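1. Give me a 3D structure for the following:
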Amino acid sequence: MNATDAPAMNAPDNKTPAAPTERIAVVIPSYRVTRHILGVIAGIGPEVAHVYVVDDRCPDGSGAFVRANCQDARVTVLEHAENQGVGGAVMTGYRAAIADGATVIVKIDGDGQMDASLIPVFVAPILAGEADYTKGNRFFNLERLSAMPPVRLFGNAMLSFMTKLSSGYWHLFDPTNGYTAIHADAARYLPFDKISKRYFFESDMLFRLNTLGAVAVDVPMDAVYGDEVSNLKVSQVITEFAAKNVRNFFKRLFYNYYLRNLSVASLELPIGVLLTTFGVVYGTVQWIVSDQHDVATPAGSVMLAALPVIMGVQLILAFLNYDIASVPSRPLHKKTLFRRRRDD
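-> Have a look, this model is predicted:
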């Protein structure tokens, strides 16, 4: 990875940040966005201290394009020698922002879909100590959903349910929304090399943040679609995303309910699954045997099948209720504040 600062030219007066107490940085993954990237940068307000444009081996040379045409002194262009995907580009920007002392790191896309004037809205809950991570939610205003293409609407609905289950953030929606902000003290604990580097990046981030105990909240925003083409395919939602969400679900269960902590919920889920499975299998076998012999299934056999299913379902629901109530509520960056000051 090579990092090159933009030419040290004078930025317009309305772009010169007034040395904010809390340093806000913006990361913009750049891949085939040369038509929009300059407008995106121009829309970033003076509350932002630094902007990192990450050229992810863009075939259009967007990094060189920004360096040659952008006069904003806040901009730093970072370049990948090989394409790493949006997740890899964001992690590169995170590392640079943390190294430069950023307090909050905002990620927006370079295709013009995200309104840069909303950056203060995304940052506010973090600076107020209410959250570690904020993300956009285009589903908040139901009247505006008609602007979203049907395929994206369907894909996001499916992904939202799967991501709730895998991440443990049951109150969040619109998991593929890439408009995010994170406190640097939470970002520094992320396993940068393990986070998915492609389209699963946003969902994988939520899973990783939950295992850290970070507080995540939605920020309402409107969907904006122009002439850009989405590379997210429904087939990926159904296959790749589903498989990876199932994997993350079981990893989260192991981390949160067995490795780090044991509770009644740690027993409710496995016992509930075993009882339900036993009841269903036993009942099915008894039904097949009775059908083959053309006789009625004994009442005792029916009860022996039904009771485990009823008890098992109740235990599974009790586990889900506990899991939903266990969403992190105390920001991670507050927990680590004393430790960071002591280390400094």
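
2. For the longest helix along the chain, buried residues please.
-> Counting by DSSP state H, the longest helix found in the chain is helix 264-293. By neighbour count with 16 or more other C-beta atoms under 10 Å, helix 264-293 contains the buried residues 265, 266, 268, 269, 272, 275, 276, 279, 282, 283, 286. Every C-beta, even on glycine, is put in place using the N, C-alpha and C of the backbone.

3. Which single one of those residues is nearest to residue 244?
-> For the buried residues of helix 264-293, the minimum distance to residue 244 (C-beta to C-beta) is 20.7 Å, reached by residue 269.

4. From residue 319, how far out is the closest one?
-> Residue 269 sits 4 Å away from residue 319, going by C-beta to C-beta, to the nearest Å.

5. Locate the residue most central in space within the chain within the secondary structure: which element?
-> Nearest residue to the geometric centre of the chain (C-alpha atoms, centre = their mean): residue 202, 3.4 Å. Assigned by DSSP states H and E, residue 202 belongs to helix 201-212.

6. Tell me the strands beside the helix or strand that comes right after that helix, with direction?
-> Following helix 201-212 in sequence order, the next helix or strand is strand 216-220 (DSSP H and E). Counting by DSSP bridges, the strands paired with strand 216-220 are strand 133-137 (parallel).

7. Not counting its own residues, what contacts the strand it pairs with?
-> Here strand 133-137 makes contact (C-beta atoms under 8 Å, 6 or more residues apart in numbering) with 114, 118, 122-123, 125-126, 172-174, 177-183, 186, 202, 205, 209, 214-221.

8. I'd like the next helix or strand past it.
-> Sequence-wise, the next helix or strand downstream of strand 133-137 (DSSP H and E) is helix 150-167.

9. Quick one: mean pLDDT for that next one?
-> Across helix 150-167, pLDDT averages out at 83.

10. try stretch 78-94
-> Computed over stretch 78-94, the mean pLDDT rounds to 93.

11. Start and end of that stretch, how far apart?
-> Length of stretch 78-94, first residue to last, C-alpha to C-alpha, to the nearest Å: 11 Å.

12. which residues touch that stretch?
-> Contacts with stretch 78-94, where a contact means C-beta under 8 Å, 6+ apart, come from 1-4, 25, 27-31, 52-57, 63, 96, 105, 107, 178, 182, 187, 190, 192, 195-201, 204.

13. at 6 Å what do you get?
-> With contacts defined as C-beta atoms under 6 Å, 6 or more residues apart in numbering, stretch 78-94 is touched by 1-3, 27, 29, 52, 54-57, 63, 105, 107, 187, 192, 195-198, 201.

14. which of those residues are buried?
-> If we count by 16+ other C-beta under 10 Å, the contacts of stretch 78-94 have these buried: 27, 29, 52, 54-57, 63, 105, 107, 187, 192, 195-197, 201.
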